[in-house]
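>>> Coordinates for the following, if possible.
(one chain, ligands or ions: 1)
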Amino acid sequence: MLHPFISGNKFRKLKYNIAFAKAQQLETLVTFGGAYSNHIAATAAAAKVNGLQAVGIIRGEELGNDLEQTLSENPTLHFAHDQGMKFHFVTRSAYREKEEAATVKALLESLPSPYLIPEGGSNELAVKGCTEILTPADAQYNFVCCSVGTGGTLKGLIAAADAHQHILGFPALKSSYIKDELKDWATHNRWSLINDYHFGGYAKVSKELITFMNTFFADTGILLDPIYTAKLMYGVYDLIEKGYFPENSRILAIHTGGLQGIAGMNMKLAKKGLPIIHT
Ligand SMILES: Cc1ncc(COP(=O)(O)O)c(C=O)c1O
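Next up, the predicted model:
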């Protein structure tokens with residue numbers, strides 16, 4: 001509802017980063033992402049809206065062999081390309097090294113005024129933006145639930161939580177190194193990570209999850225994305241059923257966007273002969 005392309009938490013994460021880049025007259029946003037990344041799509045759109053250039057460093061060197069074919073098979077990269085983003089495809093090992101990788105260093109040196117935004121967009125300015133997700137009207141809720149990837153969104157919510165609010169993060173990844181980092185970072189302990197709803201790991205989905213998404217959409221008219229918000233909402237519903245929340249709890253589940261990922265996931269599901277996500 002914030003913006004058709006810079007959706008959900010991406011709007012919050014990019015807001016102060018773009019303001020900073022503009023103030024410093026840094027003209028090119030450079031960031032990292034997988035081939036179906038919501039953050040890549042949103043950064044491309046945000047750069048265009050703000051009159052900036054964008055370069056996406058994309059995991060998977062093979063995707064650069066035939067760009068036209070890649071674009072025809074990948075709705076996320078197709079969209080980002082249409083917004084004017086340039087791509088720099090790197091091997092998985094270079095991707096892991098991020099800005100320490102020789103190829104990434106060379107890219108950054110070749111650009112006149114780059115502004116580097118980390119994977120998932122999560123840096124301090126992103127967390128600052130995410131503190132604005134909660135508004136005074138949300139004080140009526142005592143549980144606030146969100147999906148977790150890099151953890152920037154959750155940090156913003158933890159920082160903004162009122163004294164009577166408990167923040168629940170639902171990691172979309174199997175291995176959550178984030179807990180230790182959060183423990184050191186948070187100034188209070190009214191938060192928990194619920195690790196039971198990753199469905200096998202990042203971008204993994206099951207028939208059960210797709211069925212849940214389709215039922216949820218039919219019942220509410222609200223689309224969920226398969227990577228993040230569907231797992232969150234599945235988890236919230238399951239916890240309600242299991243009696244996790246005390247009676248009279250008021251629960252806020254935050255839809256962090258990501259709907260652009262449905263098209264790519266549906267292509268994968270159709271290839272495997274699995275049921276697809278209804279839109
Ligand atoms: C739609 C959506 N929801 C939630 C998240 C998780 O946010 P974070 O990386 O800040 O934990 C992401 C990833 O950035 C996302 O794209």
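>>> Residue 128 is in what secondary structure piece?
In this structure, residue 128 sits in helix 124-130 according to DSSP states H and E.
>>> That helix: which residues count as buried?
Within helix 124-130, the residues that qualify as buried are 125-130, counting by 16 or more other CB atoms under 10 Å. For glycine as for every other residue, the C-beta is placed from the backbone atoms N, C-alpha and C.
>>> likewise stretch 211-228?
Neighbour-count burial for stretch 211-228 [16+ other CB under 10 Å]: 212-214, 216-217, 223-228.
>>> From start to finish, how long is that stretch in a straight line?
For stretch 211-228, the first-to-last residue distance is 15 Å (CA to CA, to the nearest Å).
>>> contacting residues around it?
Applying CB atoms under 8 Å, 6 or more residues apart in numbering, the contact partners of stretch 211-228 are 36, 38, 147, 149, 172, 202-203, 205, 209-210, 230, 233-234, 237, 255-262, 265, 275, 277-279.
>>> near the ligand too, which of those?
38, 147, 149, 256-258 (CB under 6 Å from any ligand atom).
>>> mind listing the helices for the chain?
For the chain, helices defined by DSSP state H occupy the ranges 9-23, 38-49, 67-73, 75-82, 92-97, 102-110, 124-130, 152-160, 178-185, 207-220, 229-241, 261-271.
>>> Mean pLDDT lowest where, among the ones you listed?
Ranked by mean pLDDT, those end with helix 178-185 at the bottom, a mean of 91.
>>> which among the buried residues of stretch 211-228 are in contact with the ligand?
Among the buried residues of stretch 211-228, the ligand is touched by 225, 228 when using CB under 6 Å from any ligand atom.
>>> What is the nearest of the buried residues of stretch 211-228 to residue 66?
Nearest to residue 66, judged by CB to CB, of the buried residues of stretch 211-228 is residue 227 at 25.6 Å.
>>> for the ligand, what are the nearby residues on the stretch 151-279 of the chain?
Residues of the stretch 151-279 of the chain lying near the ligand (CB under 6 Å from any ligand atom): 151-154, 225, 228-229, 256-258.
>>> again, 8 Å this time
151-156, 169, 172, 178, 225, 227-229, 232, 256-258, 261 (CB under 8 Å from any ligand atom).
>>> what's the answer for the stretch 1-150 of the chain, then?
Checking the stretch 1-150 of the chain against the ligand by CB under 8 Å from any ligand atom, the hits are 7-10, 13, 37-39, 42, 120-122, 126, 130, 146-150.
>>> switch the cut-off to 5 Å
38, 120, 147-150 (CB under 5 Å from any ligand atom).
>>> most surrounded residue in those residues?
When neighbours are taken as other CB atoms under 10 Å, the top entry among those is residue 147 (29 neighbours).
>>> from the residues of the stretch 1-150 of the chain next to the ligand, which two are the most distant?
38 and 148 (13.7 Å).
>>> still on that earlier bit, just flag the most distant two among the ones next to the ligand among the contacts of stretch 211-228.
Across these (CB to CB), the longest gap, 11.8 Å, separates 149 and 257.
>>> Now do the contacts for whichever residue of the stretch 151-279 of the chain sits closest to the ligand.
Closest residue of the stretch 151-279 of the chain to the ligand, CB to the nearest ligand atom: residue 258 (2.7 Å). Listed by CB under 8 Å, 6+ apart, the contact partners of residue 258 are 7-8, 38, 225, 227-229.
>>> and which of those is nearest residue 22?
residue 7 (21.1 Å).
>>> State the number of residues packed around the closest residue to residue 104 other than its chain neighbours.
In this structure, residue 104 finds its nearest non-sequential neighbour in residue 57, 6.1 Å apart by CB to CB, 6 or more residues apart in numbering. By the criterion of other CB under 10 Å, residue 57 has 24 neighbours.
>>> And residue 57, how far from residue 99?
Distance of residue 57 to residue 99, computed by CB to CB, to the nearest Å: 9 Å.
>>> With residue 207 instead?
39 Å.
>>> just residue 200 next, same as before
Taking CB to CB, one finds residue 200 at 30 Å from residue 99.
>>> Among the two, which residue is more densely surrounded?
Using other CB under 10 Å as the criterion, residue 200 and residue 99 rank with residue 99 on top: 13 against 10.
>>> pLDDT score assigned to that one?
So, for residue 99, pLDDT stands at 95.
>>> same thing with residue 65?
At residue 65, pLDDT is 98.
>>> Could you check how far the closest residue to the residue of the stretch 151-279 of the chain closest to the ligand other than its chain neighbours is from residue 27?
Take residue 258 and drop its neighbours on the chain: the residue closest to it by CB to CB, 6+ apart is residue 225, 3.4 Å away. Taking CB to CB as the measure, residue 225 falls 31 Å from residue 27.
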